[in-house]
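*Asks:* Sequence first, then the predicted structure, then my questions.
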Amino acid sequence: MTLFKRFHCFLKKGSLFAFFLMAQFTFSQNAPISISADSKTPAEFFQELQAKSSYSFFYLDDWIENIEVEQNFQDATVSEILDVVLSDTPFNFYILEEEKRVFLLQNTLVYDKLPPTFYQTKDTLESTNAVQVQGNMPPPTFYNDEVSQTTQKFPVVRIGRADEQNLRPTYTLSGRVVNAQTGAPIPDLAIRVGGRVTVTNEQGAYELELPAGYNILSTSAMGIQDTDREVIMYNDGTLNLQLQESLEQLAEVVVEADAVRNVEDAISGNEEITSEESKDIPLVLGERNILEVAKALPGISSAGEGATGLNVRGGKTDQNLVLLDDAVIYNPTHFFGIFQALNPFTTEKVNIYKGAPPVEFGGRLSSVLDIETKNGDTQKIKGEGSIGPVTGNLALEIPIKKDTSSIIFGARGAYADWILKALDEESLSNSEASFFDGIIKYHHRFNENSEIRGTAYYSKDNFSITSDSLYNYSNRLGSVRWAHKLSEKSTGVLTGSNSNYNFGIDFDDEGNSDFDLNYAINESELRYRLRTRLNDAHTLDYGLSGKYYSVDPGSIEPKGSASNVEPISIDREQALEGALFIGDEFKVSDKLLLNVGARYAFYAAMGPGTQNTYQEGAPKSESTVQDTISYDSGEFIKTYGGPEARVSARYLLAPDFSVKASFNNSYQFIHTLSNNTTVSPIDTWKLSDLNIRPQKGYQATLGFFKNLNENMYELSLEGYYKRMDDVLDFKTGADLLLNENVETEVLQGQGKAYGVEFLLKKNKGDLNGWLSYTYSRSLYKFDGETSEERINNGEFFPSNFDKPHDLSVIANYKFTRRYSISANFVYQTGRPITYPVGTFRFNNADYVTFSDRNKFRIPDYYRLDLGINIEGNHKKNKLAHSFITIQVYNVLGRNNPYSVFFVTEDGEVKALQSSIFAVPIPSITYNFKF
Amino acid sequence: MKFLKTTYRIILGIILLTSLGACLDELDIQTLGNEEQEPALVVEAVLTDEFITQKVYLSRSSFRLDLETDTVYNPYIPLGSRPVDSVDMEGGATVRVLGDNSVELNFTEGDEGIYLSNQPFALEMGVGYTLEIETSNGLEYVSDPLSIQGKSELTNVYAEKAVSDNGAEGVAIYVDSEPTQGNPQFYRYTFEETYKIVSPDWSSREFVLTNYDPCALPVPTYDLQVVEKEVENRVCYNTVPSTSIEQLSTAGSPESHISKHMVRFIGKDNFIISERYSILVQQQVQSADAYSFYETLNSFSQSDNIFSQIQPGAIYANVRRKDGTNENVLGYVDAVGVSDMRLFFNFDDFFPEEELPLFPFDCNFTSIPESHPSYCAQFPEPNPCPESVIERVNIGTISYYSPYDEDLAPNATCPGPYIVVPRICGDCTLLGDNVEPDFWVEE
């Protein structure tokens, strides 16, 4: 016991880790010992060794805890035994023969000679020891525990076991960095040592040459806590890091865009929102909604609250490519767009590209919303759940194999019926609405060079507005993605996905017209994307993708034997869409960065099917059909395609100030058919064919980006001009559902949109948030040859979502560690509507006659939401950690009109204004965690 | 258990919701019309294959949006206070129908804007017709060609107790029909309903006021008598045409017989069925074009769903200027094959021993002074009493019920010699016609 006590005293003096012994060293002819390791703990083994050898051993208990002692020794010397026992450990030993003492040494060596330069003279008496070849052998490593205590958060890490035979001035440190919560690799993490920086690759791996001895590694990455790690290099070795997410930052309402990225990236007009961030932003009924938060960013809006679909930079709602783990999700909302169909607990983040998107994406004109699901935790089971007034939600993360694979699972169900009952709207009092969504994602990391993940998702909505018809719609999708490293410089990502969207109407009343109506679209995609880092200046992204669509545009079937509804089934439509793409991130100079991409989009509408041709110059209608052509299975009906450019450039005017410009064009081969002013869940998607051409878009942007006050503020001003060709609209009163010749109802025209977006963000501090203001216009023109193919006499008119002024402020203020408030303010110009300009008597009743399309506007929209977040106290040993969120949606109680419309009732015209949430809506959410 | 250090995070959302605010408010409609524009011609005609006097209605659209209409019975607007119907009828036009079998049928204006065929005629199947109009300002209009698409015979019109989409109990009226000619695919249903009204507080006697001078001094002079009624006003009949658009399509079906298609639903609390009720349903076999016109018109004038609004726009008639000038004409001209059938029923056929629907007006018994201070008194004293009998009889707002009886009007502030009721409660001619219609059949 005294032995260990002494050792501890030694420790307290703080110089244990470096011995500099000048004692003579001789290999003793110490007496052979026989010792068996059978069923002994290392401590027992060393105690026995000490007893038998008559040497005193010096070591720390916890050093030897993990030493595996398995061998039996017969007539072995102490040094022989220790050689074997310590062979695979970071421990060396030193035997002080004269004093009969044995020191175990962590990592280090005992230098029993002074360095050759110690006395500034060459020691000619040098023995033939290995030291001789170490002409520039580094000085021994000293490390004083007390000195560095102040900055130390993590224990000092000792790398490698010094090998007398292989002492070098520098050693290689490599390893992998993973997120401590999720086990996911952290790419693009900057590791700084002195003045040098290295960055982790996509698998989170890194490699560094470090001088022998003491080094400090500083890590920093977006969303990850900055850390300093002290390492002592004794040899080559690995250091895997598990880093914490920067939790404090996430609790604030901030759009995570790396401060530097804002200025330095070549691509502009992209935003990232994490699900976590959206949690404090007060929204209706306390439901987190990442898509709602997106609308607070400049350039993104919708026709109104409760309107499904986003309008990005003046584009139509069908021009957004919404991807959930690489698979298209056709309707990412529930309940007329009021709630998101994404589980907030399993959603990691969404990346929104408003400008030139990365070359791998295509097929939509306006934007890409790339939604990513979290990887499950690979360390331990985690769960999150909620029971709200509208939804019940459960998410579980289950490790399958530690550090390797995990599953994340989320399910959400809603019981919104009572809301409809509570609505002060008689026609809805018999309504019902419910929804469900579920997601499961499996993630497996084979090794540093290869990982795979698979996602399956399903959502379903049921609602009935009247008691005789039940509407339903559902999304189903699945995707598999395999990311692998081909070489040091190349990585490849293979993705396969399938998505399905369908809706149905189940009509059941007392007459004989009961029916079931169904619509479905299905698409499958295979994509292979490669990335090669050619050199410091060039990084290439290239690959190809292929997609197969099949659309069942509608079928109606009689329901019950009494029904005399005749079954109709519109022929299935099929098409192929493919693309080849290549892009180069070209660093021309430190100041100029180019991102040049090209993409060739190809589309073919495929048989079997029939298509009508129409007389030239006459409006398409059943009476102008010229010919009906039949196509065989697999035959190409019509092909479209063309090159797409994705060019963006960044020039740094100062390290924190840049100017960016971009140009891109794109094709869109699939269109929604909707004759509503806002999106409705029963809007159908139509593939381009002989008579319906693809939409084409062109966009140019120019913007200035500036960071202030050490990246505390981000400031940007960006303008865009956009032109769209062959966008779809419809003849007045078009009947789009179950229409075999939809082209007779379709108009194809032109759109233009332009705007200036201003964004000021404060990312740090007690007060954070952002202010965005957009001035924009969105105009369309349909100028056909006959009057029924023209809208507003062929002039440009504002779209339904043309809201020139759009201001959003999101702010979060932290009073103390426990109390914070959040506010969300929105002001928008009222949207345009078509207003009646007169009445006429017809069929014993009065009807209205309408103005030009969208000639008038509803009153301006504004809304303020407030939330208070109260954290429970921070006592460590409390059973449960809790926080309470109190939110009030529409604090001002503004009765924002959603639409104004006109009904004829009892022969009279009445103007009605509908609003979705006309009064303040309070909600309290209690969260706890244990 | 240590290694299973599971973190459960359960969020309990507690919502303090008294009510959710989604709502529909009625707005005042303002005049937004472009005054420079001419009001559009509105043409309405449903020409049939029945041998009758055919009608064409011509009017002009109005820029005013605050129209009230008296075409429909509105129980809340008593006669006399209804606004004047403000439809601007188009008189002085020349109207004719031309058939491609060289038939020419001329029309003559009856009431202003209503043009009646000079002799009864029926459209024939297989013949194409056009309607030609020359307005008084000399402009000529012509309709698209019209033809009868087919004929389908109503085989049954019947009523059943039912529950509406909104969950209200009531009576639904259904039709069955069989096609007889051509290829009927698109149907529109119109109806005319007639119902019997019985004055709830009818008395066989009435006031007669003569020699009334409210300005006489010192008190008004008058002769008020209570006499036996000479006019029957206990039982009346009111006839109302349908105003809604009720359509059905059997497109795609090889045999287009219709069974149990609901054309009308009447709530149990609607007083029109409190006595005997009759409905004449007309089934019109129409063209696809007409069907889509009415569907569009209908979809623009009702709210199905507050969350998604149909994109409205101008919809024009199948009538254009003969010389090809671009001018928007409203309304629609249709040629249809028709079939009619009438149905009668009584309230207790469906709701025996249940309370009758409430009479839609307040019929409180009151007692008021017979006379009032002179209007021309030099120093008028404040009069705490309500309007007197003679004043109200003079403007026709009360009916005699009985001599004063404290039990009937216990709270009268200034009781007089009579018990009176609002006129509409004792005189059904305000609500209908006191002559039994020819088709009326009592049980």
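*Replies:* Nice, I can see it.

*Asks:* from here on, contacts and neighbour counts on C-alpha atoms
*Replies:* Fine.

*Asks:* Quick one: check stretch B:188-198 for contact with chain A.
*Replies:* No: using Cα under 8 Å from any Cα of the partner chain, we find that stretch B:188-198 stays clear of chain A, coming within 9.4 Å at best.

*Asks:* residue boundaries of the helices in chain B?
*Replies:* With DSSP state H as the criterion, chain B has helices at B:288-300, B:347-350, B:389-395, B:423-426.

*Asks:* Give me the most central residue, chain A.
*Replies:* A:Lys349 (3.2 Å; Cα atoms, centre = their mean).

*Asks:* how close does that one get to A:Ser851?
*Replies:* 43 Å (Cα to Cα, to the nearest Å).

*Asks:* ok, now A:Asn664?
*Replies:* Distance, A:Asn664 to A:Ser851, by Cα to Cα: 36 Å.

*Asks:* same deal with A:Gln626?
*Replies:* In terms of Cα to Cα, A:Gln626 sits 35 Å off from A:Ser851.

*Asks:* Next up, the contacts around residue 41.
*Replies:* All of this refers to chain A. Counting by Cα atoms under 8 Å, 6 or more residues apart in numbering or on different chains, A:Thr41 makes contact with A:Val69.

*Asks:* Please refer instead to chain B.
*Replies:* By Cα under 8 Å, 6+ apart, the contact list for B:Leu41 reads B:Leu58, B:Ser59, B:Arg60, B:Ser61, B:Asn328, B:Val329, B:Leu330.

*Asks:* Just give the number of residues close to the spatially closest residue to A:Ser459 that is not a sequence neighbour.
*Replies:* Sequence neighbours aside, A:Asp437 is the residue nearest to A:Ser459 in space, at 4.0 Å (criterion: Cα to Cα, 6 or more residues apart in numbering or on different chains). A:Asp437: 23 surrounding residues under other Cα atoms under 10 Å in any protein chain shown.

*Asks:* Then A:Leu717?
*Replies:* 18.

*Asks:* tell me which element it falls in.
*Replies:* Using DSSP states H and E, A:Leu717 falls within strand A:713-730.

*Asks:* coming back round to it: contacting residues for the residue nearest to A:Ser459?
*Replies:* Going by Cα under 8 Å, 6+ apart, A:Asp437 touches A:Ala341, A:Leu342, A:Asn343, A:Ala411, A:Arg412, A:Gly413, A:Tyr457, A:Tyr458, A:Ser459, A:Lys460.

*Asks:* Parallel or antiparallel, list what pairs with whichever strand or helix holds it.
*Replies:* Per DSSP H and E: A:Asp437 is located in strand A:432-447. According to DSSP bridges, strand A:432-447 forms sheet pairs with strand A:405-414 (antiparallel), strand A:450-464 (antiparallel).

*Asks:* which SSE is the residue lying closest to A:Gly597 once chain neighbours are set aside in?
*Replies:* Nearest residue to A:Gly597, sequence neighbours excluded (Cα to Cα, 6+ apart): A:Gly583, at 3.8 Å. Element membership for A:Gly583 (DSSP H and E) is strand A:573-587.

*Asks:* Name the helix or strand of chain A that has the lowest mean pLDDT.
*Replies:* Here the helix or strand of chain A ranked lowest by mean pLDDT, DSSP states H and E is helix A:2-13, holding a mean of 32.

*Asks:* following it, which helix or strand comes up?
*Replies:* Per DSSP H and E, the first helix or strand lying C-terminal to helix A:2-13 is strand A:33-36.

*Asks:* just to revisit the earlier point, just name the most buried of the strands paired with strand A:432-447.
*Replies:* Looking across the strands paired with strand A:432-447 with neighbours counted as mean count of other Cα atoms under 10 Å in any protein chain shown, the highest average goes to strand A:405-414: a mean of 23.

*Asks:* what about that strand, distance to the chain center?
*Replies:* How far strand A:405-414 lies from its chain's middle: 17 Å, per Cα atoms, centre = their mean, to the nearest Å.

*Asks:* and what of stretch A:77-92?
*Replies:* On Cα atoms, centre = their mean, the centre of stretch A:77-92 falls 50 Å from that of its chain.

*Asks:* Tell me which residues of it come out buried.
*Replies:* Buried residues in stretch A:77-92, defined by neighbour count with 16 or more other Cα atoms under 10 Å in any protein chain shown: A:Thr77, A:Val78, A:Ser79, A:Ile81, A:Leu82, A:Val85, A:Leu86, A:Thr89, A:Pro90, A:Phe91, A:Asn92.

*Asks:* For the first one, give its distance to chain B.
*Replies:* With distances taken as Cα to the nearest Cα, to the nearest Å, A:Thr77 is found 41 Å from chain B.
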